[in-house]
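Student: below are the sequence and a predicted model; questions follow.
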Amino acid sequence: MKTHKSIILFVSLIVFLILMGVYYFKPRVIKPTLICALPIPNKSFSRYEYKSFDIVNSTQDLYFHLLSDWPFQTPNIDSITIQNLDNKLNYEQYNYIIMWNRKVIELQHSPHLTNHMNFGGNKETILFPICEHEDTDSIYIYSISKNHNFIAPGP
């Protein structure tokens, strides 16, 4: 009878470890919804290699990322276009992703990916984009469900 309990305990431990491994390593998938594509007036502009996307949570974030946060070159999108876009967005219900020069297929996150890339020990969840491989001359704006813990990888 003692060996029967030992076997059950051993099998339970193995099942528990497998489930924890699946939880830790299996990526969670987020399917973003395309809101719009903005053509880039400056055709030489490419930001994908530096930082593939930014997360926007407010009007200030939107203007910052589209007008002022790129010290070397800007996409040169006019402020009226940004204002019209901003009027369509609902920051209370959604986070928005600005994807530079590539279309997103999906976003992934998991504890393993976050811990592997999170050198600062922050509690945020790092999203990793899975994109089409072709560069485009557009900036893509996507929506995802609101979550204050999502961040983009990179600087």
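Tutor: Cool, the structure landed.

Student: how much space between the residue nearest to the spatial centre of the chain and residue 105?
Tutor: Centroid-nearest residue in the chain: residue 127, 3.7 Å away (criterion: CA atoms, centre = their mean). The spacing between residue 127 and residue 105, counted by CB to CB, to the nearest Å, is 13 Å. Bear in mind the C-beta positions are built from the backbone N, C-alpha and C, glycine included.

Student: excluding sequence neighbours, find me the nearest residue to the residue nearest to the centre of the chain.
Tutor: Once flanking residues are discounted, residue 127 sits nearest to residue 107: 4.6 Å by CB to CB, 6 or more residues apart in numbering.

Student: show me what stretch 85-97 is in contact with.
Tutor: With CB atoms under 8 Å, 6 or more residues apart in numbering as the test, stretch 85-97 has contacts from 32, 35-36, 38, 53-59, 62-63, 104, 107, 127, 129, 140-147, 150.

Student: filter those residues down to the buried ones.
Tutor: When the contacts of stretch 85-97 are checked for burial by 16 or more other CB atoms under 10 Å, the buried set is 32, 38, 53-56, 62-63, 104, 107, 127, 129, 140-144, 150.

Student: in strands only, show me these.
Tutor: For the buried ones among the contacts of stretch 85-97, membership in strands holds for 38, 53-56, 104, 107, 129, 140-144, 150, with DSSP state E as the criterion.

Student: and which of those residues is nearest residue 123?
Tutor: residue 150 (11.5 Å; CB to CB).

Student: which residues touch the closest one?
Tutor: Contact partners of residue 150, counting by CB under 8 Å, 6+ apart, are 55, 95, 109, 124-125, 127, 144.

Student: let's have the residues you listed in a markdown table, adding distance to residue 14 and pLDDT.
Tutor: Below are the contacts of residue 150 laid out as a markdown table (distance: CB to CB, whole Å; pLDDT from 0 to 100):
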| residue | distance to residue 14 | pLDDT |
| --- | --- | --- |
| 55 | 39 | 88 |
| 95 | 38 | 92 |
| 109 | 27 | 80 |
| 124 | 33 | 76 |
| 125 | 29 | 79 |
| 127 | 32 | 84 |
| 144 | 36 | 92 |
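
Student: now for the residues you listed: which two are most distant?
Tutor: Taking CB to CB, the two most distant members of these are 124 and 144; they sit 14.5 Å apart.

Student: count the neighbours of the nearest residue to residue 105 once chain neighbours are set aside for me.
Tutor: Nearest residue to residue 105, sequence neighbours excluded (CB to CB, 6+ apart): residue 130, at 4.7 Å. By other CB atoms under 10 Å, the residues close to residue 130 number 11.
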